[in-house]
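J.: Please find the sequence and the predicted model below.
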Amino acid sequence: MGLYFLNNKLKESLRLVGINLLILLIIAILPSFILYIYRSSRYLKKTIIDSFSENFIDERVSYPIYLDKKQANELFLNSKQVEYTYKSFVGWEANHLNSKYFNISGKYNTRESIGQSLKNSTWFFGDSTMEGTGSSDEGTIPSLFSINTNKKVMNFGTSAYTTRQSLNQLISILSDGNKPETIIFYSGISDVVVECRSEYLTQPTNVREFKFNKSIEESKNKNIILSRLIDIVSEPYVKVVKKIKNSNTSLKEFNCDTNSSKANNIASHFVQNLYTAYLLSKSYNVNFYAVLQPNLFSTNADYYYFSKNEKDKLPILKKQFDYMYTIFIEKIKLKCKINPSFCYSFIDGSKWIDSKSIVFIDAYHVTEKGNSQIVKNLISEMNKLKIINNKF
């Protein structure tokens with residue numbers, strides 16, 4: 001009788017322990033489940049919104065820089081529908097897209113321009129500011145350059161490309177047997193925004209390096225299902241820990257302003273990329289211009305109409321751009337001492353946007369009106385440098 005009583009008590013205890021463990025497990029998994037449901041609902045909502053343009057509303061449409069709100073909304077919708085696939089040596093390239101304001105075509109999946117031609121034309125390289133975020137196909141820098149000069153152009157600008165990626169891209173296109181009349185590197189923004197991120201410890205890098213490495217590691221992991229399950233369950237807690245850690249240690253999203261060694265390394269790569277592109281162009285007997293592009297902080301343009309979310313990003317970005325652009329110029333001058341002719345190919349366009357103009361949609365992208373100012377200054381500076389170069 002006593003033994004029977006003990007067995008029942010033990011079973012009851014084990015049952016209670018099991019129930020408690022199950023409850024603890026449910027409580028532990030609950031945050032992950034809630035996060036999953038939240039993300040799924042957001043993805044579903046985004047999919048539905050992106051599928052029906054009349055329901056899609058980008059917050060930048062409310063900015064006074066866009067008078068035609070419907071057109072602006074369609075433009076941003078078109079931009080969001082562009083997909084990028086892996087491409088050797090440059091990281092990625094845009095997929096073909098046919099829409100009203102944003103079109104990608106051709107062998108190199110480039111954005112279409114007015115006066116587009118691959119042969120004997122002016123090739124433009126850069127990031128999304130060159131690709132034309134915020135502008136229609138007709139309002140990009142290459143298109144406006146063609147309209148104002150009657151020259152043929154090609155827009156090789158690709159979202160988030162650094163100068164190293166543009167250099168690799170140039171090598172590939174030249175190696176295919178193509179030859180332009182002029183090559184223009186419009187650079188600076190992505191080298192700061194991408195490479196100054198705190199998580200990147202070595203240079204050069206690109207914005208998707210972590211994603212590529214994660215995909216490679218996952219492909220080698222035999223227990224990938226278990227690994228992903230652990231990641232899903234632990235993600236909410238990892239985020240909380242990172243949040244606490246960041247608030248306690250004052251870690252920032254960007255750290256070039258506090259890490260001089262990293263900043264100098266980035267600047268050295270930036271200038272050497274431009275210099276290599278210059279020497280490569282010269283070997284092909286092609287004109288070359290390296291343009292340090294303008295940003296919100298170098299131009300002192302107004303941004304009173306920015307959303308709160310966009311304004312919150314500005315203080316830390318300003319520190320990065322102010323610090324890095326100063327180093328860029330210093331290292332350009334040092335390179336000019338080694339090869340003075342390189343200076344006749346470098347253009348400081350950092351202040352090209354009129355400070356009274358309302359053209360920025362964030363810290364670096366501008367509208368067609370802003371691109372018009374850039375093209376006007378670019379043509380003027382190129383003409384000046386041609387006169388100087390003809391004297392030597």
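T.: In hand now; what should we look at?

J.: Show me which helix or strand of this protein is least confident by mean pLDDT.
T.: Counting by mean pLDDT, DSSP states H and E, the chain has its least confident helix or strand at helix 224-249, which shows a mean of 57.

J.: can you give me the offset of the helix or strand where Leu334 lies from its chain's centre?
T.: Using DSSP states H and E, Leu334 falls within helix 308-338. With Cα atoms, centre = their mean, to the nearest Å as the basis, helix 308-338 stands 16 Å off its chain's centre.

J.: Sort out which residues of that helix are buried, please.
T.: By neighbour count on 16 or more other Cβ atoms under 10 Å, the buried set for helix 308-338 is 310, 314, 317-321, 323-325, 327-329, 331-332, 335-336. Where C-beta positions appear, they are placed from N, C-alpha and C, glycine not excepted.

J.: which other helices and strands contact the helix or strand encompassing Ile183?
T.: Using DSSP H and E, the element containing Ile183 is strand 182-187. When contacts are defined as 3 or more Cβ pairs under 8 Å, 6 or more residues apart in numbering; DSSP states H and E, strand 182-187 sits against strand 122-126, helix 163-175, helix 260-283, strand 287-292.

J.: Quick check: which of those is buried the most?
T.: strand 122-126 (a mean of 26; mean count of other Cβ atoms under 10 Å).

J.: what inclination does it have with respect to helix 260-283?
T.: 170 degrees (axes from the mean of the first three to the mean of the last three Cα atoms, to 10 degrees).

J.: Other residues contacting strand 122-126?
T.: 130, 141-142, 145, 151-157, 161, 166, 169-170, 173, 180-187, 277, 293 (Cβ atoms under 8 Å, 6 or more residues apart in numbering).

J.: Ok, stretch 76-95 next?
T.: Contacts of stretch 76-95 (Cβ under 8 Å, 6+ apart): 50, 53, 56, 58, 60-61, 97, 99-102, 104, 108-111, 131, 133, 158-159, 161, 165, 168-169, 171-172, 206, 208, 212.

J.: do that again at 6 Å, thanks
T.: Under the contact criterion Cβ atoms under 6 Å, 6 or more residues apart in numbering, stretch 76-95 has outside partners 53, 56, 58, 97, 99, 101-102, 104, 109, 133, 165, 168-169, 206, 208.

J.: Repeat that for stretch 363-372.
T.: With Cβ under 6 Å, 6+ apart as the criterion, stretch 363-372 contacts 65, 129, 133-135, 139, 141, 144, 189, 295-296, 317, 353, 359-360.

J.: May I ask which of these has the most neighbours?
T.: Tallying neighbours with other Cβ atoms under 10 Å puts Ile141 at the head of these, with 30 neighbours.

J.: Look up how far Leu385 lies from it.
T.: To Leu385, Ile141 is 18 Å away according to Cβ to Cβ, to the nearest Å.

J.: now swap in Lys337 and tell me
T.: 18 Å.

J.: what do you get for Gly132?
T.: 25 Å.

J.: Repeat that for Tyr161.
T.: In terms of Cβ to Cβ, Tyr161 sits 24 Å off from Leu385.

J.: higher neighbour count, these two?
T.: Ranked by neighbour count (other Cβ under 10 Å), Tyr161 and Leu385 place Tyr161 first, with 30 against 17.

J.: Tell me if I am right that that one is in a strand.
T.: No: assessed with DSSP: H, G, I helix; E, B strand; the rest coil, Tyr161 is coil; it does not lie in a strand.

J.: how far away is Asp322 from Glu199?
T.: From Asp322 to Glu199 the distance is 22 Å (Cβ to Cβ).

J.: what does Tyr275 give?
T.: In terms of Cβ to Cβ, Tyr275 sits 28 Å off from Glu199.

J.: now swap in Arg111 and tell me
T.: 29 Å.

J.: The two: who's more crowded?
T.: Arg111 (26 against 9).

J.: Show me what that one is bridged to.
T.: Ile104, Asn155 (DSSP bridges).

J.: hang on, it packs against Phe156?
T.: No: at 8.7 Å, Arg111 does not count as touching Phe156 under the criterion of Cβ atoms under 6 Å.

J.: need the helices and strands packed on strand 182-187 in a markdown table with mean pLDDT and distance to Tyr303, can you?
T.: Output for the helices and strands packed on strand 182-187, formatted as a markdown table (pLDDT from 0 to 100; distance: least, Cβ to Cβ, whole Å):
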| stretch | mean pLDDT | distance to Tyr303 |
| --- | --- | --- |
| strand 122-126 | 98 | 22 |
| helix 163-175 | 98 | 26 |
| helix 260-283 | 98 | 25 |
| strand 287-292 | 98 | 21 |
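
J.: quick one on the thing from earlier: any of the contacts of strand 122-126 buried? List them.
T.: Members of the contacts of strand 122-126 classed as buried by 16+ other Cβ under 10 Å are 130, 141-142, 145, 151-157, 161, 166, 169-170, 173, 180, 182-187, 277, 293.

J.: Kindly export stretch 154-173 (C-alpha atoms) in PDB.
T.: Taking C-alpha atoms only, stretch 154-173 is exported to PDB below (Å, rounded to 0.1, in the frame of the first residue of the first chain):
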ATOM      1  CA  MET A 154      25.000  54.300 -70.600                       C
ATOM      2  CA  ASN A 155      23.800  54.200 -67.000                       C
ATOM      3  CA  PHE A 156      25.800  51.500 -65.100                       C
ATOM      4  CA  GLY A 157      24.700  52.800 -61.700                       C
ATOM      5  CA  THR A 158      23.500  50.000 -59.400                       C
ATOM      6  CA  SER A 159      22.000  50.200 -56.000                       C
ATOM      7  CA  ALA A 160      24.500  50.300 -53.100                       C
ATOM      8  CA  TYR A 161      27.600  49.800 -55.300                       C
ATOM      9  CA  THR A 162      30.900  51.000 -53.900                       C
ATOM     10  CA  THR A 163      33.700  52.300 -56.000                       C
ATOM     11  CA  ARG A 164      35.400  48.900 -55.800                       C
ATOM     12  CA  GLN A 165      32.300  47.200 -57.300                       C
ATOM     13  CA  SER A 166      32.100  49.900 -60.100                       C
ATOM     14  CA  LEU A 167      35.800  49.300 -60.900                       C
ATOM     15  CA  ASN A 168      35.200  45.500 -61.200                       C
ATOM     16  CA  GLN A 169      32.100  46.300 -63.300                       C
ATOM     17  CA  LEU A 170      34.200  48.500 -65.600                       C
ATOM     18  CA  ILE A 171      36.900  45.800 -66.000                       C
ATOM     19  CA  SER A 172      34.300  43.300 -67.100                       C
ATOM     20  CA  ILE A 173      32.600  45.500 -69.600                       C
END
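
J.: Understood, closing this out.
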